[in-house]
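S.K.: sequence first, then the predicted structure, then my questions.
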Amino acid sequence: MHVSRWTTSVVCASLIGAMLSGCRSREEAFRATRVPVIRFDSALNAADSVRVPLAEARLLLGVAADSGFALKAPHDTMTMADILAWARAEQARKAQVDAAALAAARARQDSLRKLLEPLLAVTVVKKSYLPRNPDSEQYEDYISLGFAYQNKGEKAIRAFQGDATFLDTFGDSIYSAHLKVDLPLTPGQTRREPARIVRVNPFRLAHQRLRDTPLDKMKLVWQTSDVVFADGSRLSISAP
């Protein structure tokens with residue numbers, strides 16, 4: 001029997017429509033299903049063949065993984081639609097809490113930075129390049145950096161740490177390093193420490209620029225992150 005192309009198209013469209021209608025019916029039935037919240041994960045596993053949008057599937061899986069859901073849920077039994085609405089509200093609430101916590105942490109750090117900034121002055125007083133010298137059993141290239149530290153505060157300092165960043169004439173970063181300094185400083189005192197040695201990696205651009213840029217062409221920017229005072233008190237950005 002001859003079947004026209006138009007007839008075939010109509011039949012295919014009808015089948016696809018029926019399938020979509022069936023999927024929607026199963027999805028709607030799934031959303032309307034009322035389950036005890038204490039057995040939510042079991043009910044979810046039993047409905048693993050139901051197709052729902054990916055975002056909703058992630059929400060439901062997150063609820064199932066939450067061991068405290070049964071205690072936090074507003075009712076002993078809820079429909080899947082209710083659980084989805086609750087999960088969205090919880091997600092929004094957590095996002096607000098996280099944003100508030102992040103804002104508070106940033107405000108705390110900004111406040112501490114304002115207290116730490118005027119306490120110390122850090123300068124580089126000497127920079128030299130030490131090329132390898134096998135005759136002296138030195139088999140790698142080194143850069144020697146001599147720092148000076150001044151206590152500009154009113155309390156004696158026992159130790160401190162922070163970040164040193166070298167900038168070029170245009171303000172671009174050449175090299176940066178985190179320094180821990182165990183060097184007591186009384187108020188107003190300036191002290192130098194033995195030179196710090198940087199082992200040169202010839203494939204690292206920052207080391208090349210640090211080696212080749214004259215000291216008078218560099219600017220050091222220092223940010224204190226932690227100060228331990230002689231009386232045992234402490235100011236720290238990272239401490240809780």
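M.R.: Looks like it arrived, so ask away. Residues are numbered from 1 along each chain as shown.
S.K.: C-alpha only now, for contacts and for neighbours.
M.R.: Will do.
S.K.: in a strand, Tyr149, correct?
M.R.: Yes. Remark: Tyr149 belongs to a strand, assigned using DSSP: H, G, I helix; E, B strand; the rest coil.
S.K.: now that it has come up, it's in contact with Pro187, right?
M.R.: No. Counting by Cα atoms under 8 Å, Tyr149 stays clear of Pro187, with 11.5 Å between them.
S.K.: higher neighbour count, these two?
M.R.: Taking neighbours as other Cα atoms under 10 Å, Tyr149 and Pro187 compare with Tyr149 leading, 18 against 15.
S.K.: mind listing what that one touches?
M.R.: The contact partners of Tyr149, by Cα atoms under 8 Å, 6 or more residues apart in numbering, come to 120-123, 190-192.
S.K.: go again using 6 Å as the cut-off
M.R.: By Cα atoms under 6 Å, 6 or more residues apart in numbering, Tyr149 lies in contact with 121-122, 190-191.
S.K.: hey, C-alpha coordinates of stretch 89-99 in PDB?
M.R.: Output of stretch 89-99 as PDB, limited to C-alpha atoms (Å, rounded to 0.1, in the frame of the first residue of the first chain):
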ATOM      1  CA  ALA A  89      14.200  29.500  49.100                       C
ATOM      2  CA  GLU A  90      17.000  27.800  51.100                       C
ATOM      3  CA  GLN A  91      19.400  28.300  48.200                       C
ATOM      4  CA  ALA A  92      18.600  32.000  48.100                       C
ATOM      5  CA  ARG A  93      18.900  32.300  51.900                       C
ATOM      6  CA  LYS A  94      22.300  30.600  51.900                       C
ATOM      7  CA  ALA A  95      23.400  32.900  49.200                       C
ATOM      8  CA  GLN A  96      22.400  35.900  51.300                       C
ATOM      9  CA  VAL A  97      24.200  34.500  54.300                       C
ATOM     10  CA  ASP A  98      27.300  33.800  52.400                       C
ATOM     11  CA  ALA A  99      27.300  37.300  50.800                       C
END
